[in-house]
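# can't give you the sequence, but here's the structure:
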């Protein structure tokens, strides 16, 4: 699942590079559950979020694009030792609950160069809830460490929302900036897995929950503009 998400991100970058003027930003994000989502799953998520936006013309105060994000909601890991095919090895078992975001974004922002440029984003898309279990062989004698990975069925939640923020220019040409924003996303009802647990035998279990998936997401990162 994570390899597929990386491929989607690379394809998106190549697609939008043909625009007359485009910008991209990579932000750290903190996802704070709201309303009934908070009651069922109060843990905050953390991860990265990136957008790619293009402006139809140099004087238009509107940008269009996509935003991708990946956040981790919970993690458990455990170390084990044992015999496999007659050999004694050490293993690490990891279990995570994650959310991948795919959003279409419309941004209203002045096209004129300023030190501080406020903006408003309107977004619609999906949050994809999934969980992953990996087993890594810890081999201290060579660089090859076999591993096994498996992800749960993805549960898609349609999401709409808005964000407000400010772009702070970091150079005279406005090619580099500091992006600060806060988004509120209203998510539909869906099922998801939480609270990963690994017992003494290496068996992994999750708690299955369901609710609407509203969340508040503060973000901070770097914006790069290329003309």
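Perfect, I can see it now. None of these values were measured; they are calculated from a predicted model. Numbering: from 1, shown residues only.
# Which of the helices and strands in the chain ranks last by mean pLDDT?
Counting by mean pLDDT, DSSP states H and E, the weakest-scoring helix or strand in the chain turns out to be helix 2-16, with a mean of 51.
# following that one, which helix or strand comes up?
strand 21-33 (DSSP states H and E).
# and that following strand, which strands flank it?
Strand 21-33 pairs in its sheet with strand 45-55 (antiparallel), strand 215-226 (antiparallel), by DSSP bridges.
# Please identify the most buried of these.
Highest mean neighbour count of these: strand 45-55, a mean of 20 (counted as mean count of other Cβ atoms under 10 Å). Quick note: C-beta positions are derived from backbone N, CA and C, even for glycine.
# Same list (the strands paired with strand 21-33) but as a markdown table, adding distance to residue 201 and mean pLDDT.
Below are these laid out as a markdown table (distance: least, Cβ to Cβ, whole Å; pLDDT from 0 to 100):
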| stretch | distance to residue 201 | mean pLDDT |
| --- | --- | --- |
| strand 45-55 | 29 | 94 |
| strand 215-226 | 35 | 94 |
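# my guess is residue 186 meets residue 159, correct?
Yes: if you go by Cβ atoms under 8 Å, residue 186 and residue 159 touch, sitting 6.7 Å apart.
# quick one, which of those two is more surrounded?
residue 159 (21 against 15; other Cβ atoms under 10 Å).
# on that earlier part again, of the strands paired with strand 21-33, which is nearest residue 39?
When those are compared by Cβ to Cβ, strand 215-226 sits nearest residue 39, at 13.1 Å.
# so residue 36, which of the three states?
Secondary structure, DSSP: H, G, I helix; E, B strand; the rest coil: residue 36 is helix.
# Do I have it right that it meets residue 210?
No: with contact defined as Cβ under 8 Å, residue 36 and residue 210 do not form a contacting pair (9.8 Å).
# And the strands in the chain, which stretches?
Here the chain has its strands, by DSSP state E, at 21-33, 45-55, 62-84, 87-109, 116-138, 147-151, 155-169, 176-187, 190-198, 204-211, 215-226.
# Can you list the strands that the shortest one pairs with?
If you go by DSSP bridges, strand 147-151 pairs up with strand 116-138 (antiparallel).
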